[in-house]
Structures are given as C-alpha cells and as structure tokens.
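K.L.:
got a predicted structure plus its sequence, pasted below:
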Amino acid sequence: MANRTRWLAAFTLLCVAAAFFAPAIPQPLDYHDFADQRSAFGIDNFLNVVSNAGFLVAGVAGLLIAFGGRAHFEFANERWPWAVFFVGILLTAFGSSYYHLAPDNERLFWDRLPMTIGFAGLISSQVADRISVRGGLAVLLPLLVAGVASVVYWRATERAGAGNVLPYAILQGYAMVLMLWLAIFEPSRYTRSNDLYWIFGWYALSKVLEMFDDEVYSLLGNVVSGHTLKHVAASGSGFVACTMLMRRRLLQRAAPDAPKAVP
C-alpha cells in the first residue's frame, strides 16, 4: 500500500512538473479538419453534430437517476460527484455540437470545458466510493478548478499567439491513469465496481476512433467517420454509469469519517 501511494505521488508530481515546465505545444490547426464534413438538413458537419445526442440522453438520464431515487447511495451527499459527472456529460452535448457546427479553436474551448467537469465528477465519485466519502467530496472542487483552469489557460495562450494545450492534455491523461489506479487497487463499497473498467473502455475506444478518424471513414465506405463514432463511444461511458448506479448494492459500510447524511 505504501509503495503504491508513493508511486502515485511521484507520478502526480511528475505530471505537475511537466504541465508547468515542459515546452509548450500549440493546438494543431489540422485537428479541425475532420473526415466527414457533409451537410444535411441545413446543418453543417451533420453527423458530427447530431451524434452528440448520446451525451444529451446519458446526461439527462444520469441526473434523473441520481436525484430520482433509483441510484443506490449509502449517504445522500454521495450523489453530488455523480451529479457533476452527468452535468459534464450533458453540457458536452451542447459544447461539442456548437464546436462542430464551425470547428475552430475558439469553439473547441466550449467542447473541452464540459469534459473537464465530467472528469472531476467521476474521479471524485470513485474516491468517495473506494477511499473516503469525505475525501471524495473534498477533492471535487479542486479537481473542477484544475480542469477549468487548464482549458482557460489553453485558450488564453492561443489568443496570445503562443498556444499551449499540454496542461490540458496532461490533466486528461492523469485523470484516466488515476481512475485505473483506483479501480485496480482500491476496492469499492458497492457491487458492480468492475463497471468502472467499462466506463474507461468506452472512453479509451472513443480516443482511438478520434485518432483514426479518416481511416475509419474510408474503411466504412465513407458512411460514418471515426469522429462521429467517437461521440457514440464516449457517451457509452455515461450509459454504463447509469446502469451501474441503478443496479449496484452496498457491500460494506463507509469508514467512520464518512458524513452522517441521511441515505
């Protein structure tokens, strides 16, 4: 346990140092040159826009589950990190749609900002589930601030003519590694804890599809692109979270430092 904690602390410090001191990396402008740029029904980049509907459905469903009594929480305030996660997914539907209507760096800001909100909520929820409810709630605001700051910083540097997307990229990668670390080494108080791997898997698949946007488009006969399928895969993470919250059950009670909220 102590060795794992030291390794995680060292990795955290390495990521922080890289974010502050590594050479700046501007956002490549060819990122906005997506394979599928077809218009339909008066909507530019139609499929890349409407494929964000999955985020909308998953976000709304997740919030209804979290606050409608269908989710299983030992303590009522455990719902807040999950609420933040689903708000991030819901806002991604609007931010990503706005971006894909006319892709550029300014609009990309509104695509990325909601994703940092979702990551903050997910990591906070897993700290609460697996380590400490109080700890999970305590890290939620710092994670939100760090995520938002990384995107605001990126946009500010782009506007200043010396763009640096590296801190945002490092934060996103760090969040994924931390989520895996929690899944592997910290048992959850709930059943269905392995669903976290599916949440990770759908998101990882979305990054692969994004990377091979053109190749997927050609492979599928110019019917649907990798980026369009990226949206579908990424929203799958939200649907897995919805199912997990409804079906899981308590295995063990929280540590004594957990807040004594009404279940």
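P.N.:
Thanks, I have the structure now.

K.L.:
and the helix or strand harbouring residue 86, C-alpha only, in CSV?
P.N.:
Following DSSP states H and E, one finds residue 86 within helix 79-101. Coordinates of each C-alpha in helix 79-101 appear next as CSV, following Å, rounded to 0.1, in the frame of the first residue of the first chain:
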residue,chain,number,x,y,z
ARG,A,79,-24.8,11.8,-5.3
TRP,A,80,-23.1,15.1,-5.8
PRO,A,81,-19.9,13.9,-7.6
TRP,A,82,-22.1,11.8,-9.8
ALA,A,83,-24.3,14.8,-10.5
VAL,A,84,-21.3,16.8,-11.5
PHE,A,85,-20.2,13.9,-13.8
PHE,A,86,-23.6,13.8,-15.5
VAL,A,87,-23.8,17.6,-15.8
GLY,A,88,-20.4,17.5,-17.6
ILE,A,89,-21.8,14.9,-20.0
LEU,A,90,-25.0,16.9,-20.6
LEU,A,91,-23.0,20.1,-21.2
THR,A,92,-20.7,18.2,-23.6
ALA,A,93,-23.7,17.6,-25.8
PHE,A,94,-24.2,21.3,-26.3
GLY,A,95,-20.5,22.3,-26.3
SER,A,96,-19.5,19.7,-28.8
SER,A,97,-22.4,20.4,-31.1
TYR,A,98,-21.6,24.1,-31.0
TYR,A,99,-18.0,23.3,-31.9
HIS,A,100,-18.7,21.0,-34.7
LEU,A,101,-21.1,23.5,-36.4
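
K.L.:
and it, what other elements does it pack with?
P.N.:
Packing partners of helix 79-101 (3 or more C-beta pairs under 8 Å, 6 or more residues apart in numbering; DSSP states H and E): helix 46-50, helix 53-67, helix 105-130, helix 133-159, helix 226-247. No exception for glycine: its C-beta is placed from N, CA and C like everyone else's.

K.L.:
how far away is residue 70 from residue 124?
P.N.:
To residue 124, residue 70 is 21 Å away according to C-beta to C-beta, to the nearest Å.

K.L.:
neighbour count: these two, which is higher?
P.N.:
Using other C-beta atoms under 10 Å as the criterion, residue 70 and residue 124 rank with residue 124 on top: 26 against 13.

K.L.:
ok, the more buried one to residue 85 distance?
P.N.:
Separation of residue 124 from residue 85 (C-beta to C-beta): 8 Å.

K.L.:
quick one: end-to-end length of stretch 94-108, please.
P.N.:
12 Å (C-alpha to C-alpha, to the nearest Å).

K.L.:
which parts of that stretch are buried?
P.N.:
Using 16 or more other C-beta atoms under 10 Å as the test for burial, stretch 94-108 gives 94, 95, 96, 97, 98, 99, 100, 103, 105, 107, 108.

K.L.:
just stretch 179-197 next, same as before
P.N.:
So for stretch 179-197, counting by 16+ other C-beta under 10 Å, buried means 179, 182, 183, 188, 189, 190, 192, 193, 195, 196.
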